[in-house]
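Asks: have a look at this fold, sequence not included:
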RNA sequence: GGAGACUUGUCCGAGUGGUUGAAGGAGCACGCCUGGAAAGUGUGUAUACGGGAAACUGUAUCGAGGGUUCGAAUCCCUCAGUCUCCGCCA
């Protein structure tokens, strides 16, 4: 959530930046400013009247202490009158406060200065590429065929147990998942991230904190009996670890990593985009999250990008890093880098990670703050990234390394998988 | 699932209707003391939203939300959470 004070001070700048993010309804900004002024007016009125009530009440106490009952009774009437006049003010103040909040949550985060303008994924800028696209053997097939050949993921049975998009990993397929998770977590903890295993369901306040609510509730699975949401990413529970906390400045940066399954409803997709492991309702992911000093967040973003890049390099997959344009970025992000790996048999790029700086957008909602050197309260900045989402990594590993009767695995995975290749 | 206890500031902990934003302690900051440090000692130390050039000042906040009252951390109701005992259970 943007800070009202900032909007008030820089309305034109805010509008300009929102336009980069393809946010059309700029009247929201004016409405926020108007409601904020209205709120201040009412607040002042409420405070002055309440102040009179408080003073009178104190005096009544003193009078009664002195046994001057009659005078006390007179003053009570006075207070009653004040309170009657206070009622509509307080109601109005509440309404205006809610309206202001309602408008405020409509505004996405402002994109950073160097976010490219543009609406579509094609407007994203390729920052760099790495790894070489493999030359596949004759008769190479996409991963959904390999999965069947090797008997490692069973979509039909998963669909029977739950529904489509809920893969059932089996045998070496299940072990490959476990190997990847373990490797990713080890890689992250070696870089100083603290490992967490968080709850997989969150309450409303947590979903609101990271920006999933109020806007995108349709993307999450919801359990009405208990008012819980299944997490779409570990980002939600992990970032919320510090919700409503005032941390010590020297505790920053806080680096956290977690493996969780992720649940996404993702209605409305079809065709080859969703074939096989390309897009599923439940998948495994290892996430990294940092809570940092505002002055450092862009340096940390770069550090996280490098971290994920090295991880991809270690998997020996061809990849590219994109700087997302304003129109393709998420609601809460100020700057995002997407990582895609090249799926050689499908001949397409698949997104496997998204690393973002949210600046104070999430921490403002969650009230994650620290006291700076001057003793001033400041919002921390939050960042997160995938390292990595598994299904598409698996798709690429399978497709790019297929060798007839087996699939070669990158060296880093051998100790985890207990073998150098996946065989029939 | 049943019964009970509890939820106060960064932390511990007092406080059952009237200057209580909240005693006391710890921690932290600054100063004194010291060759330096520890100990000792003095002072300060919540957040949000307002007003004010500033000094300063108003309002709210003692798990959350309602209520009673001129006045609530203190009384009542609802909800959430923590702990203990019993039951059940991987």
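Replies: Nice, thanks for sending it over. Small disclaimer: the values here were computed from a predicted structure and weren't measured.
Asks: and the closest residue to RNA strand B within the stretch 151-300 of chain A, how many neighbours?
Replies: RNA strand B sits closest to residue A:246 of the stretch 151-300 of chain A, with a gap of 5.4 Å, by C-beta to the nearest atom of the strand. (Each C-beta comes from the backbone N, C-alpha and C, glycine too.) Other residues within reach of residue A:246, judged by other C-beta atoms under 10 Å, total 12.
Asks: my guess is residue A:89 meets residue A:44, correct?
Replies: No: contact criterion C-beta atoms under 8 Å: residue A:89 and residue A:44 do not qualify, at 10.0 Å.
Asks: ok, the nearest residue to the residue of the stretch 151-300 of chain A closest to RNA strand B once chain neighbours are set aside - contacts?
Replies: Using C-beta to C-beta, 6 or more residues apart in numbering and skipping residues adjacent in sequence, the residue nearest residue A:246 is residue A:369, 5.1 Å away. With contacts taken as C-beta atoms under 8 Å, 6 or more residues apart in numbering, residue A:369 has the following neighbours: A:245-247, A:363, A:377-380.
Asks: tell me which parts of the stretch 51-200 of chain A are close to RNA strand B?
Replies: Applying C-beta under 7 Å from any atom of the strand, one finds that the stretch 51-200 of chain A approaches RNA strand B through A:51, A:53-58, A:60-61, A:64-65, A:76, A:79-80, A:83.
Asks: quick one on the thing from earlier: of residue A:89 and residue A:44, which one has the most company?
Replies: Taking neighbours as other C-beta under 10 Å, residue A:89 and residue A:44 compare with residue A:89 leading, 17 against 10.
Asks: just name the closest of the contacts of residue A:369 to residue A:209, please.
Replies: Nearest to residue A:209 among those is residue A:363, at 9.0 Å by C-beta to C-beta.
Asks: skipping its backbone neighbours, what lies nearest the closest one in space?
Replies: Nearest to residue A:363 is residue A:379, by C-beta to C-beta, 6+ apart, at 4.6 Å.
Asks: contact partners for that neighbour?
Replies: By C-beta under 8 Å, 6+ apart, the residues touching residue A:379 are A:3, A:294, A:360, A:363-364, A:368-369.
Asks: what's the most distant pair in those residues?
Replies: A:3 and A:368, at 13.6 Å, using C-beta to C-beta across the contacts of residue A:379.
Asks: neighbour count: the two, which is higher?
Replies: Higher neighbour count among residue A:3 and residue A:368: residue A:368, with 25 against 13, using other C-beta under 10 Å.
Asks: give me the distance between that one and residue A:197.
Replies: According to C-beta to C-beta, to the nearest Å, residue A:368 and residue A:197 sit 21 Å apart.
Asks: please apply the same query to residue A:25.
Replies: In terms of C-beta to C-beta, residue A:25 sits 41 Å off from residue A:197.
Asks: can you check residue A:47 too?
Replies: For residue A:47, the distance to residue A:197 (C-beta to C-beta) stands at 47 Å.
Asks: also residue A:292?
Replies: 23 Å.
Asks: and the host helix or strand of residue A:397, how far out from the chain middle?
Replies: Using DSSP states H and E, residue A:397 sits in helix A:390-400. Using C-alpha atoms, centre = their mean, to the nearest Å, the mean C-alpha position of helix A:390-400 is found 24 Å from that of the whole chain.
Asks: got the contact list for residue A:383?
Replies: A:289-290, A:292, A:297, A:300-301, A:304, A:355-358.
Asks: can you lay out those as CSV showing distance to residue A:100 and pLDDT?
Replies: Shown next, in CSV, are those (distance: C-beta to C-beta, whole Å; pLDDT from 0 to 100):
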residue, distance to residue A:100, pLDDT
A:289, 29, 95
A:290, 30, 95
A:292, 29, 93
A:297, 27, 94
A:300, 32, 96
A:301, 31, 97
A:304, 34, 97
A:355, 32, 97
A:356, 27, 96
A:357, 26, 97
A:358, 22, 95
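Asks: looking at these, which is nearest residue A:31?
Replies: For the contacts of residue A:383, the residue nearest residue A:31 by C-beta to C-beta is residue A:358; the value is 23.7 Å.
Asks: for the closest one, give me its contacts.
Replies: Per C-beta under 8 Å, 6+ apart, neighbours of residue A:358: A:109, A:211, A:332-334, A:381-384.
Asks: so who does the residue nearest to residue A:140 when sequence neighbours are not counted touch?
Replies: With sequence-adjacent residues excluded and distances taken as C-beta to C-beta, 6+ apart, residue A:140 is closest to residue A:345, at 5.2 Å. Residue A:345 makes contacts with A:136, A:140-143, A:399-400, A:402, as judged by C-beta under 8 Å, 6+ apart.
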